[in-house]
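Novice: got a sequence here, can you build the structure:
(chains A and B)
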Amino acid sequence: VQIRESGGGLVKPGGSLRLSCEASGFPFSDYYMTWIRQTPEKGLEWLAYISGSGSTISYVDSVKGRFTVSRDNARNSVFLQMDSLRVEDTAVYYCARSPPWSRAADHWGQGTLVTVSS
Amino acid sequence: DVVMTQSPLSLPVTLGQPASISCRSSQSLVYTDGKIYLNWYQQRPGESPRRLIYKVSDRDSGVPDRFSGSGSDTDFTLRISRVEAEDVGLYYCMQGTHWPYTFGQGTKLEIK
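Specialist: Sure, this is the predicted structure:
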């Protein structure tokens, strides 16, 4: 199992960024995929998940309406579109695999740093 | 949201000695299917989190059997029978019973 995030960087408050996550080594469309972020101050925060078909998506309240998860099973990829970014969104963002019915993440990527600053 | 409270937050341990981390949830973690979705993660310095334990006490593949999990309802424990140098890092409990899934604040294990 390999999971690799990309797309992090520096963005101004109010700006947008799109993170990508490419996975391999498992039947991608059979698995939920998740986004989790980590900061030294707030620790780990589970942001969202998307089902294998893409038909089921849930967001934590802190990003609902600003972040959008999507996936492309043909490309074994999942995306996180982040709009209206705030300083407090500064974090390392992880993409992780979530086996069906597990309600947990069992394999994580290496993370990508997003910095929101003027 | 379910609050996960870990203790201690810092855990100095002598090599070869046992270690124990407690995790308490603000509400019952028994899901409607009767299972408890309580996980433990290890994060070594500079690495991504790695899952050690799922559903309270099931060890992930490749996890040494010196790691064990126990507990029920709202009270859970991760035990390391004999701490090794490679166990240094942060340990998090995480509940997957109630959305949004939430993590504990982390316990830092270091060698005394």
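Novice: which stretches in chain B count as strands?
Specialist: Along chain B, counting by DSSP state E, strands occupy B:4-7, B:10-13, B:19-25, B:38-43, B:50-54, B:58-59, B:67-72, B:75-80, B:89-95, B:102-103, B:107-111.
Novice: for B:Ile56, what are its contacts?
Specialist: Rather than Ile, residue B:56 is Val. B:Ile36, B:Leu38, B:Gly69, B:Ser70, B:Gly71, B:Ser72, B:Phe76 (Cβ atoms under 8 Å, 6 or more residues apart in numbering or on different chains). Yep, even glycine has a C-beta here, placed from its N, CA and C like the rest.
Novice: now it: how far from B:Tyr37?
Specialist: Between B:Val56 and B:Tyr37 the distance, using Cβ to Cβ, to the nearest Å, works out to 9 Å.
Novice: now B:Arg82
Specialist: Using Cβ to Cβ, B:Arg82 is found at 28 Å from B:Tyr37.
Novice: which one's more surrounded, these two?
Specialist: B:Tyr37 (21 against 13; other Cβ atoms under 10 Å in any protein chain shown).
Novice: and the more buried one, how close does it get to B:Val13?
Specialist: Taking Cβ to Cβ, one finds B:Tyr37 at 28 Å from B:Val13.
Novice: check B:Tyr101 too.
Specialist: Taken as Cβ to Cβ, the span from B:Tyr101 to B:Val13 is 28 Å.
Novice: so which of those two has more stuff around it?
Specialist: B:Tyr101 (27 against 18).
Novice: show me what contacts that one?
Specialist: Neighbouring residues of B:Tyr101 by Cβ under 8 Å, 6+ apart: A:Trp46, A:Arg103, A:Ala104, B:Met94, B:Gln95.
Novice: pLDDT score for it?
Specialist: pLDDT, B:Tyr101: 97.
Novice: equivalent analysis for A:Ser102, please.
Specialist: Looking at A:Ser102, its pLDDT is 88.
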